[in-house]
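1. sequence unknown, structure follows:
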């Protein structure tokens, strides 16, 4: 079976090319600016400073450009530094002419030193940045692993005593001969409360897993019908008091989703519908293709949401709906709540349609 | 008397399992560690309840060697969200799983179903099956529903007979694909799902709420007869 790892949080879109270009232009502008600034400072210092030391100032500028802005700008700065030095500080001033051939040697050496230090500084800087990046990635992976293992052990440590509690309370509630009346009732309440607590812990753990960053989705193409049936089956007695009517568009294509997580969404929505409506009232599960998405709706015939809820879930529905929200979002869909025109609460979510694989027909023979 | 081996590290869960099973008339043997469980399994239990996360190892390592010696059913005790572990355990030869927390009724129903399945004599020779209003006759290769004939494609028929042959047992997607489609189809989960859907539309009275061809989400299917 195909299993695709999809990070819950979409990775940021690959670097915008235009933005990268603008950034580069700014770096070269910085190199030019640095050289001009150095020339300005050197002009102010000229009465007191030897031309040889002005060379040093320019070399320092090239080095800083290399360190801060990288190789390309450093290259530009090296040539510009030599040109500016010649133009402003070598006789005749304000001209590229060179009166003394000795100065040619100065220029060549200055250029060579500027190029070499510039390139070395830039390379050193790049390496350093790379090392920092590697360390950062390593630390993130470490933190991720730590979170994962804490969650796993927390999950085990919370679930184990709850499983024992549910089971032991159940043996009491079903004991033969039955416990005398008040204790019999207590045993039942104990069992039900433990069961409810276990369900809450399950929800919390699941939400933590979903929101802690990366939860691998086990995406497969499958019919929605199967998962609707599985969710109803799993809820079992919870739905006993409500007739459930399923109406799925027969033209609904295969959808790509994580079956376990989507069953959870449907289960939570059906559970909410059953718990917040009077016994005997029907619950509906419907699915349609609308534009480029499949739209699934679970609606009931109860009093509806207290006020128009929009996107914020009423607190009594809170945790379960938060999980639904997280799961649907991870699938690239959206979830919303509303009150139906004819009353009752409606929870709907969408799933993208995509291009399902084709499953061939074969002739009937048996 | 049915002998059940419990391999589970939590003493309170073991206590609950013991109480429930003894109320059913089983004799119970407990192991809190994998090595103790492996040693105890040599005594030939009739059924094993196996937790996957044990302090000294993975319960998965219990199944292979045990299967080599015994056909007694193995029921996995697992938590929700552990679907890959369940699939691995079922592929290794486990028969069913229970998701913690579970109550006594659920536990005993699964235990009884597994024991009944193993006890069914001459399972291989039986050629006629009924579930709901569907009748399957393997000898005549015919399927009928409410008296009228049902037309199945060759693959649908193979799929149905494979599920019937292992009724009551959870079969993983991989197990079914390998058996019905052949070894090359291990990656075609969607094909299997589509075919199960078609079978449901032909055989179930409400395909969206099947009563016989049941989905074990994230794991596989279970045929209930």
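-> Nice, thanks for sending it over. Just so it is clear, the model here is predicted, and its values are computed rather than measured.

2. quick one: the strands in chain B?
-> For chain B, applying DSSP state E gives strands covering B:3-7, B:27-31, B:47-51, B:53-54, B:57-58, B:74-78, B:96-99, B:128-131, B:134-137, B:142-145, B:148-149, B:170-172, B:213-216, B:220-223.

3. Check the spacing between residue A:225 and residue B:44 real quick.
-> Distance of residue A:225 to residue B:44, given as Cβ to Cβ, to the nearest Å: 43 Å. In short, each C-beta sits where N, CA and C put it, glycine included.

4. between these two, which one's more packed in?
-> The neighbour comparison of residue A:225 against residue B:44 (other Cβ atoms under 10 Å in any protein chain shown) goes to residue A:225, with 23 against 11.

5. burial of the residue lying closest to that one once chain neighbours are set aside, as a residue count?
-> Spatially, and ignoring its direct neighbours in sequence, residue A:225 is nearest to residue B:208 (5.2 Å; Cβ to Cβ, 6 or more residues apart in numbering or on different chains). Residue B:208: 21 surrounding residues under other Cβ under 10 Å.

6. My understanding was that residue B:208 contacts residue A:223; is that so?
-> No: when contacts are counted by Cβ atoms under 8 Å, residue B:208 is not listed as touching residue A:223 (9.8 Å).

7. mind checking which of the strands of chain B is nearest chain A?
-> strand B:213-216 (4.2 Å; Cβ to the nearest Cβ).

8. who does the closest one touch, helix- and strand-wise?
-> helix A:224-235, helix B:189-203, strand B:220-223 (3 or more Cβ pairs under 8 Å, 6 or more residues apart in numbering or on different chains; DSSP states H and E).

9. Residue B:129: what's it in contact with?
-> By Cβ atoms under 8 Å, 6 or more residues apart in numbering or on different chains, the contact set of residue B:129 is B:135, B:136, B:138, B:164, B:225.

10. 10 Å instead, please
-> B:135, B:136, B:137, B:138, B:143, B:160, B:161, B:164, B:165, B:167, B:223, B:225 (Cβ atoms under 10 Å, 6 or more residues apart in numbering or on different chains).

11. give me the low-pLDDT residue ranges for the chain?
-> Since no chain was named, I'll use chain A. Counting by pLDDT under 70, the ranges of chain A that qualify are A:1-16, A:213-215, A:307-317, A:363-366.

12. You answered for a different chain; I wanted chain B.
-> B:120-125, B:186-187.

13. Residue most distant from the centroid, it?
-> Relative to the centre of chain B, and counting by Cα atoms, centre = their mean, the farthest-placed residue is residue B:148 at 30.5 Å.

14. I'd like the distance between that residue and residue B:211.
-> On the measure of Cβ to Cβ, residue B:148 and residue B:211 end up 19 Å apart.

15. Scan the contacts of residue B:129 and report the most crowded one.
-> residue B:160 leads these on contacts (other Cβ under 10 Å) with 26 neighbours.

16. Verify the stated contact: that one with residue B:204.
-> No: using Cβ atoms under 10 Å, residue B:160 is not in contact with residue B:204; the gap is 11.9 Å.

17. Let me see the ranges of the helices in the stretch 101-250 of chain A.
-> A:102-173, A:181-211, A:224-235 (DSSP state H, counting those that start in this stretch).

18. In stretch A:330-345, which of the residues would be classed as buried?
-> Under the neighbour-count criterion of 16 or more other Cβ atoms under 10 Å in any protein chain shown, stretch A:330-345 has A:330, A:331, A:333, A:335, A:337, A:338, A:339, A:344, A:345 buried.

19. Among the residues you listed, name the ones in strands.
-> Among the buried residues of stretch A:330-345, DSSP E puts A:335, A:337, A:338, A:339, A:345 in strands.

20. From the centroid of chain B, which residue is nearest?
-> residue B:169 (2.4 Å).

21. list the contacts for it?
-> B:73, B:90, B:94-96, B:113-114, B:117, B:163, B:175, B:220-223.

22. Residue A:335 now?
-> Residue A:335 neighbours (Cβ under 10 Å, 6+ apart): A:265, A:269, A:296, A:311, A:313, A:321, A:324-329, A:347-350.

23. For residue A:295, list the residues it contacts.
-> Per Cβ under 10 Å, 6+ apart, neighbours of residue A:295: A:249, A:286, A:287, A:288, A:289, A:333, A:348, A:349, A:350, A:351.

24. beta partners for it?
-> Beta bridges link residue A:295 to residue A:288, residue A:350 when assigned by DSSP bridges.

25. picking up where we left off before, just curious, which of the contacts of residue A:335 is nearest to residue A:254?
-> Distance to residue A:254 across those (Cβ to Cβ) is lowest for residue A:296, with 14.3 Å.

26. circling back: from chain A, how far out is the residue nearest to the centre of chain B?
-> Residue B:169 is 17 Å from chain A, where distance means Cβ to the nearest Cβ, to the nearest Å.

27. Would you list the phi and psi of that residue?
-> The phi and psi torsions at residue B:169 (degrees, to the nearest 10) take the values phi -110, psi 140.

28. Okay, domains of chain A per the record?
-> A:1-7+A:18-215, A:219-352 (automatic domain parsing).

29. Of the ones you listed, flag the one that's most buried.
-> domain A:219-352 (a mean of 18; mean count of other Cβ atoms under 10 Å in any protein chain shown).

30. Regarding that domain, how distant is the last residue from the first?
-> Start-to-end span of domain A:219-352 (Cα to Cα, to the nearest Å) is 13 Å.

31. re the thing from before, taking the buried residues of stretch A:330-345 together, which two end up most distant?
-> A:330 and A:344 (27.7 Å).

32. surely residue B:217 meets residue A:263?
-> Yes: applying Cβ under 10 Å, one finds residue B:217 in contact with residue A:263, separated by 4.7 Å.

33. which neighbours do these two share?
-> Common neighbours of residue B:217 and residue A:263, using Cβ under 10 Å, 6+ apart, are A:226, A:227, A:229, A:230, A:231, A:233, A:234.
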